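Chemist: what's the 3D shape of this:
(4 chains)
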Number of protein chains: 2
Amino acid sequence: MDNRPSSLDWTHIRAFLAVAETGSLSAAARALGLSQPTLGRHIRALEETTGNALFTRSPRGFDLTDLGLALRPQAEAMRAAAQAMELAAAGRDTRTAGPVRLTASVYVAVYLLPPILARLRQDHPEIEIELVPSDRSENLLFHEADIALRMYRPEQLEMVTRHLGDLPLGLYAAPGYLSRKGTPQDFTEILDHDVIGYDRDDRIVRGFRAAGLDVTRDWFPIRCDDQVACWEMTCAGCGIGIAQRVVGEAEPRVVPVLPGAPLPALPVWITAHAATRHTPRVAAVWQALTTGLAPLVS
Amino acid sequence: MDNRPSSLDWTHIRAFLAVAETGSLSAAARALGLSQPTLGRHIRALEETTGNALFTRSPRGFDLTDLGLALRPQAEAMRAAAQAMELAAAGRDTRTAGPVRLTASVYVAVYLLPPILARLRQDHPEIEIELVPSDRSENLLFHEADIALRMYRPEQLEMVTRHLGDLPLGLYAAPGYLSRKGTPQDFTEILDHDVIGYDRDDRIVRGFRAAGLDVTRDWFPIRCDDQVACWEMTCAGCGIGIAQRVVGEAEPRVVPVLPGAPLPALPVWITAHAATRHTPRVAAVWQALTTGLAPLVS
DNA sequence: CATATGATATTCATTTTCGAATGGACAATC
DNA sequence: GATTGTCCATTCGAAAATGAATATCATATG
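Modeler: Have a look, this model is predicted:
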């Protein structure tokens, strides 16, 4: 019994991916220009080092187990990198063709990125952009995205991060709402108003507490997790909403409320894997994002 | 004759990355557990399929060409994906038998762990323990270890950490030394004594400062980076040394000095990857360490 | 029910790959 | 200037991986 924890053989990983995709050793062998016994040995070797079955065998072919399913995305990421390497090695001037996956908060993706990405598409039409709007925090890791824009400092090893600046926030409301409920003249008066808050995100609550207002989650008459929906409700006159100033000032349906209100500013961080940060594509997108966001942050 | 660049061999890419990082075939061979001729062949094969030189050879080693420089990030991305795959595989390893790699400070590894690991071996003989004593801080991540014991709180995402408690410290000296130089009756009298300090680690200096004694690194007549060597020198009568109480009290060659001295306690943190924390092996070792260390920390 | 098809496992001779050993070149050090 | 250490290139016998051929199984089909 040779329990070897040794690291995985990259050739075996390639075989794993081919079998996973074709569903059979024979088809994978044809695709890779190898023989069926060889592929079988590679898969078996991989299963021996991981200690668990990656496929269920049947006379019809190979099917991924749960473990195999979990491992497949990483293998695909490896192949993507290998393909990029081959491109770079072949046409040595190889530029930036290919996809870049970008994740950002829904809010940023909706209100800030479109003009920046339009400009990027114009300057680098060979780069395809996959935009993943997401407010969950943990989805950027391990190759779910090449670049992430976040409102907090990511703390990961192997990640390159840069603080782009801070997005000032402001309070806004539709004129119709203000004529109905009056316009607060002082920050404390806001307690008598309908403030639109995010449901699970407690940053707003904490922000109010920091400003000296003792409110709880229940105090907000309208709660919604989706920041875009929150903003649309604000624009529609549901109450006073919080928005980034660059967005609020550009929105004709609302007017600023209490411009001097003590609201914090949202930090903006850009993050990429150290491994991919300097590949041409990722570098180009990184550059476009930093320059495009620069005028928006203070 | 031009062999069609069918496609790059992933094993060769791995060799490329190792050589690029180490700067020599020999060092890369050591890192990969292969031989220098093998690495040389891999690189040559890669250069033949791409048709371009990736390194400039010199008797001092291998240097990346511009093309090789351009290819390196993609190779790094591949390895990042491979590491992610290995981590994912390790996180789903259901085997109870096999190795667990454990890292701890040299001091802990020498004086605290042996009985705990002996007990663990007895209870779980199917688990092999690889102990990596190390005082460098950054070596636990990315699967260099499954579990780490540290004297500070690790701050990484994707890591599970738990504070096990604090190890109280005490001052100790050999009777021979004390009869030669006298026994200090007050903490300030310690300035007239030979205190054995760690060389690069400034925690002792800061501890003395916090206690109101203005000392600098040069004040310590014996300095040594190795904590085990420091303690052995203390036991041998070189001066007054600092040790964890559990160690000092159990050592017949020394007696306590100034039991009430205001020394800080060392926090003990146990850490593991979130991905592997709950695999049977890692969980068993985690359990053994927490219960084994519990009576030692206050 | 017999047959054809397409799949995996196994075997074994062949090819490929590997590593120990060796020699030579350069740099640092005494 | 000799010595030592580290590096690369080459050689060659040993070890490992490979693929053609074959056996076997399950299914679909007439």
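Chemist: now do the buried residues in the least confident helix or strand in chain A by mean pLDDT.
Modeler: For chain A, the helix or strand with the lowest mean confidence is helix A:203-210, at a mean of 76 (criterion: mean pLDDT, DSSP states H and E). Residues of helix A:203-210 classed as buried by neighbour count (16 or more other CB atoms under 10 Å in any protein chain shown): A:I204, A:V205, A:G207, A:F208. Bear in mind the C-beta positions are built from the backbone N, C-alpha and C, glycine included.
Chemist: ok, now stretch A:101-112?
Modeler: Applying 16+ other CB under 10 Å to stretch A:101-112 flags A:R101, A:L102, A:T103, A:A104, A:S105, A:V106, A:Y107, A:V108, A:A109, A:Y111, A:L112 as buried.
Chemist: wait, the fifth one touches A:Q227, no?
Modeler: Yes - taking CB atoms under 8 Å as the contact criterion, A:S105 and A:Q227 are neighbours in contact, 7.2 Å apart.
Chemist: any shared contact partners between the two?
Modeler: Residues touching both A:S105 and A:Q227 by CB atoms under 8 Å, 6 or more residues apart in numbering or on different chains: A:D135.
Chemist: re earlier: can you put the buried residues of helix A:203-210 in JSON lines and add distance to B:D9?
Modeler: Listed next are these as JSON lines, based on distance: CB to CB, whole Å:
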{"residue": "A:I204", "distance to B:D9": "54"}
{"residue": "A:V205", "distance to B:D9": "56"}
{"residue": "A:G207", "distance to B:D9": "55"}
{"residue": "A:F208", "distance to B:D9": "59"}
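Chemist: let me know the closest of these to DNA strand C.
Modeler: A:I204 (55.1 Å; CB to the nearest atom of the strand).
Chemist: what about that closest one, distance to A:A27?
Modeler: Using CB to CB, to the nearest Å, we find A:I204 at a distance of 54 Å from A:A27.
Chemist: biggest helix in chain A, by residue count?
Modeler: helix A:66-90 (DSSP state H).
Chemist: so which other helices or strands are in contact with that one?
Modeler: When contacts are defined as 3 or more CB pairs under 8 Å, 6 or more residues apart in numbering or on different chains; DSSP states H and E, helix A:66-90 packs onto helix A:10-22, helix B:10-22, helix B:66-91.
Chemist: quick one: the longest one to chain centroid distance?
Modeler: With CA atoms, centre = their mean, to the nearest Å as the basis, the distance from the averaged C-alpha position of helix B:66-91 to the chain average is 24 Å.
Chemist: for the second one, same thing?
Modeler: Between the centre of helix B:10-22 and the centre of its host chain there is 25 Å, according to CA atoms, centre = their mean.
Chemist: which residues sit against it?
Modeler: Contacting residues not belonging to helix B:10-22 are listed as A:9-11, A:13-14, A:78, A:82, A:85, B:25, B:28, B:31-32, B:34, B:38-39, B:42-43, B:45-46, B:54-55, B:62, B:64, B:68, B:71-72, B:75-76, B:78-79 [CB under 8 Å, 6+ apart].
Chemist: just the buried ones from the residues you listed?
Modeler: Burial by neighbour count, 16+ other CB under 10 Å: within these this picks out A:9-11, A:13-14, A:78, A:82, A:85, B:25, B:28, B:32, B:34, B:39, B:42-43, B:45-46, B:54-55, B:62, B:64, B:68, B:71-72, B:75-76, B:78-79.
Chemist: in the sheet, who's paired with the residue sitting nearest the centre point of chain A?
Modeler: Central residue of chain A (CA atoms, centre = their mean): A:T103, 2.3 Å from the mean position. Going by DSSP bridges, A:T103 is paired in beta bridges with A:V132, A:A148.
Chemist: and it, how far is that from chain B?
Modeler: The gap separating A:T103 from chain B is 16 Å, by CB to the nearest CB, to the nearest Å.
Chemist: do the same with A:A236
Modeler: According to CB to the nearest CB, A:A236 stands 38 Å off from chain B.
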